[in-house]
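Student: Below are the sequence and a predicted model; questions follow.
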Amino acid sequence: MIGYVTLGTNDLEKAVTFYDQLLATIGATRFLENEQFVAWTTGAEDPGISVTKPFNGEAATVGNGNMVAIMLESNEKVDAFYQKAIDLGGSCEGTPGPRGEMPGFYAAYFRDLDGNKLNAFCMNMPV
């Protein structure tokens, strides 16, 4: 259902460097780009993530309550993805671990260099 998600940035070069390195850890590569934005995906039929300078030329701002959640295959991949984000200068919004009342939900939360909130998660559903 979701084709791609766009996050605003005030420094496209820094944002692209951050996401090139972070998203490479899960096999995502660039699929669209111009002087205004860059987008990544793990495959032609998969949703993408992009960063962009706002079209109206005003400063990019962080939405209160907005978050992009990235589904991964294991707790270990969540841990590694979160740690890479932190190593690249992202900030912690919640270390990796089980969350809430939902059995099997494992997640980590962080903010990118522009303050956009992201989450890496996996669902460990009993078979």
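Tutor: Received the coordinates, thanks.
Student: give me phi/psi at the spatially most central residue of the chain?
Tutor: By C-alpha atoms, centre = their mean, the chain has its centre lying nearest to residue 118, at 4.9 Å. Backbone dihedrals for residue 118, given as degrees, to the nearest 10, come out at phi -130, psi 160.
Student: Does residue 112 touch residue 7 like I think?
Tutor: Yes. Between residue 112 and residue 7 there is a contact under C-beta atoms under 8 Å: 7.0 Å. Backbone N, C-alpha and C define where each C-beta goes, glycine included.
Student: State the mean pLDDT of the one helix or strand residue 120 maps to.
Tutor: Taking DSSP states H and E as the definition, one finds residue 120 inside strand 117-123. What strand 117-123 shows for mean pLDDT is 96.
Student: now that we're looking at the residue nearest to the centre of the chain, how far away is residue 23 from it?
Tutor: Look at residue 118 and residue 23: by C-beta to C-beta, to the nearest Å, they are 11 Å apart.
Student: next one: residue 31
Tutor: From residue 31 across to residue 23, the span is 11 Å (C-beta to C-beta).
Student: which residues are in contact with both of these two?
Tutor: Taking C-beta atoms under 8 Å, 6 or more residues apart in numbering as the criterion, residue 31 and residue 23 both touch residue 40.
Student: mind listing the strands for the chain?
Tutor: Listed in chain order, the strands of the chain (DSSP state E) span 4-8, 29-33, 37-41, 48-52, 68-71, 91-98, 105-111, 117-123.
Student: what comes up buried for stretch 57-65?
Tutor: residue 60 (16 or more other C-beta atoms under 10 Å).
Student: re the thing from before, next, the angle from the strand holding residue 120 to strand 4-8.
Tutor: 150 degrees (axes from the mean of the first three to the mean of the last three C-alpha atoms, to 10 degrees).
Student: Mind listing residues that contact strand 117-123?
Tutor: 62, 66-75, 77-78, 81-82, 85, 93, 96, 99, 104-112.
Student: next one: stretch 46-60
Tutor: Outside stretch 46-60, the residues that touch it by C-beta under 8 Å, 6+ apart are 2-10, 12, 15-16, 19, 23, 28, 31-32, 36-41, 68, 70, 114.
Student: Residue 22 and residue 81 touch, don't they?
Tutor: Yes. The pair residue 22 / residue 81 is scored as a contact, 7.2 Å apart, by C-beta under 8 Å.
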